[in-house]
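> have a look at this prediction, sequence included:
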Amino acid sequence: MTQVQVLSPREVPLGGPRSMTVRRTLPHRERSFIGAWCFVDHYGPDDVASSGGMDVPPHPHTGLQTVSWLFEGEVEHRDTGGVHAMVRPGEVNLMTSGRGIAHSEVSTPSTTSLHGVQLWVVLPEADRDLGREFQHHAAPLVPLGDGVEGRVFIGSLAGHSSPITTRTPLLGVEVTLAQGATWTVPVDTAYEHGLLIDTGGVTLNGTALQRGDLGIIEAGLSALTVVALEPTRAVLLGGTPYDEAIVMWWNFIGRDHDEIVAFRDEWQARSERFGEVDGYAGRLTWLPAPELPGGRLRSRTRHGRED
């Protein structure tokens, strides 16, 4: 049976003071990427009346693309590229930071339950200084198999494709499976794949996964087999192996410790690299960067941190 690496989530506060809690599976000490996917946060369902919802003040990014995907609720996005947009269930928003961007994320007053994933894609060396960009796509619900349907929000699967463009080959699909459904889906042999379980439980190529788990299979397979042990919703991620080393700290991706220090200094100085977010009316006008840890930041490669 094909070996499946299972990463269990850890709880992490997101957004500074009065933060919401998310379940993070990437980055992990045992693995940094699935393709160029480098960050997987999974949250909710959260009762906004109790949790206070999402209010992430303007904060910076470099060298990456953010991919926002909701199951429930609505989030207002504003960025320094001049974009004001809503994140809604079934609609993917991809923001390119490139050289530098800042954005805010706030759940709307009408949102009673907040539930989704926040994903990052590392930009390759050749594209890491791209200009700011924003893409949106409402992914239709399509049949993927007997008792299986889904939304292809990035890439192509089972004859369905997304118009979202990325700088490395990627796949992102929300999948729902009826209890007892067996889904054997052809996949690109050049891709490694990860299946994040939102609700329910499955076996992935014979390995059991429960809520919050991220099951990962290396490149080389021509098909994946998922068996739903109960009604299940999951997110399937994939991409060609990403072989560059990066340094990833707070909201920045760079190539060495000194570059991250420079990014932090520029953010603290309110540099034009990141710009100003217009229209945000939340709890802070700007989210200061945390202090850097002692010692030099270490690089990450496909299978974890370098020594």
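Done, it's in. As the structure is a computational prediction, the values presented were derived from the model and not from experiment.

> quick one: buried residues of the strand or helix carrying Arg24?
Assigned by DSSP states H and E, Arg24 falls within strand 20-26. Buried residues in strand 20-26, counted by 16 or more other C-beta atoms under 10 Å: Met20, Val22, Arg23, Arg24, Thr25, Leu26. Placement of C-beta: from N, CA and C, glycine included.

> same question for stretch 56-70.
56-70.

> which pair of the buried residues of strand 20-26 spans the longest distance?
Distance extremes for these: the farthest pair is Met20 and Leu26 at 18.4 Å, using C-beta to C-beta.

> out of the buried residues of stretch 56-70, the closest to Val48 would be?
When these are compared against Val48 (criterion: C-beta to C-beta), the nearest one is Leu70, at 13.0 Å.

> what mean pLDDT does the helix or strand where the closest one lies get?
Using DSSP H and E, Leu70 sits in strand 64-72. Strand 64-72 shows an average pLDDT of 98 in the prediction.

> contacting residues around the helix or strand harbouring Leu196?
For Leu196, the element it lies in under DSSP H and E is strand 192-199. Defining contact as C-beta atoms under 8 Å, 6 or more residues apart in numbering, one finds that strand 192-199 is touched by 25, 34-35, 37, 40, 42, 71, 117, 171, 187, 202, 204, 209-219, 221, 224, 226, 231-241.

> so where's the protein shaky on pLDDT?
1, 15-19, 304-307 (pLDDT under 70).

> kindly state the beta-bridge partners for the residue most central in space within it.
By C-alpha atoms, centre = their mean, the chain has its centre lying nearest to Leu119, at 0.7 Å. Leu119 has these beta-bridge partners by DSSP bridges: Val40, Val67.

> pretty sure Gly81 contacts Arg99?
No. Between Gly81 and Arg99 there is no contact under C-beta atoms under 8 Å: 11.4 Å.

> more neighbours, these two?
The neighbour count for Gly81 versus Arg99, taken as other C-beta atoms under 10 Å, is higher for Gly81 (18 against 14).

> count of residues packed around the residue nearest to that one when sequence neighbours are not counted?
Leaving aside its chain neighbours, Gly81 sits nearest to Arg132 (3.5 Å; criterion: C-beta to C-beta, 6 or more residues apart in numbering). As a burial measure, Arg132 scores 21 neighbours (other C-beta under 10 Å).

> quick one: list the elements packing against the strand holding Leu70.
strand 37-47, strand 84-87, strand 91-96, strand 113-122, strand 148-154, strand 170-177 (3 or more C-beta pairs under 8 Å, 6 or more residues apart in numbering; DSSP states H and E).

> the helix or strand just after the longest one packs against which elements?
Think strand 37-47. For strand 37-47, the following helix or strand on the C-terminal side (DSSP H and E) is helix 48-51. If you count contacts as 3+ C-beta pairs under 8 Å, 6+ apart, helix 48-51 packs onto strand 113-122.

> quick one, longest helix in the chain?
Ranked by residue count, the top helix of the chain under DSSP state H comes out as helix 257-268.

> so how far is it off the chain centroid?
Centroid displacement of helix 257-268 relative to its chain, using C-alpha atoms, centre = their mean, to the nearest Å, is 23 Å.

> and what of stretch 140-157?
On C-alpha atoms, centre = their mean, the centre of stretch 140-157 falls 19 Å from the chain's centre.

> buried residues, it. List them.
Residues Leu144, Gly145, Gly147, Val148, Gly150, Arg151, Val152, Phe153, Ile154, Gly155, Leu157 are the ones in stretch 140-157 that count as buried (16+ other C-beta under 10 Å).

> run through who's touching it.
By C-beta under 8 Å, 6+ apart, the residues outside stretch 140-157 that reach it are 67, 69, 90, 92, 94, 137, 139, 158, 160-162, 164, 166, 169-178, 180-185, 187, 228, 236, 238.

> quick one, which of these are buried?
Among those, the ones that count as buried (16+ other C-beta under 10 Å) are 67, 69, 92, 94, 137, 139, 158, 160, 162, 164, 166, 169-177, 181, 183, 185, 187, 228, 236, 238.

> rebuild the buried residues of stretch 140-157 as TSV, extending it with distance to Ile246.
Below are those laid out as TSV (distance: C-beta to C-beta, whole Å):
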residue	distance to Ile246
Leu144	33
Gly145	36
Gly147	39
Val148	35
Gly150	30
Arg151	29
Val152	27
Phe153	24
Ile154	20
Gly155	22
Leu157	27
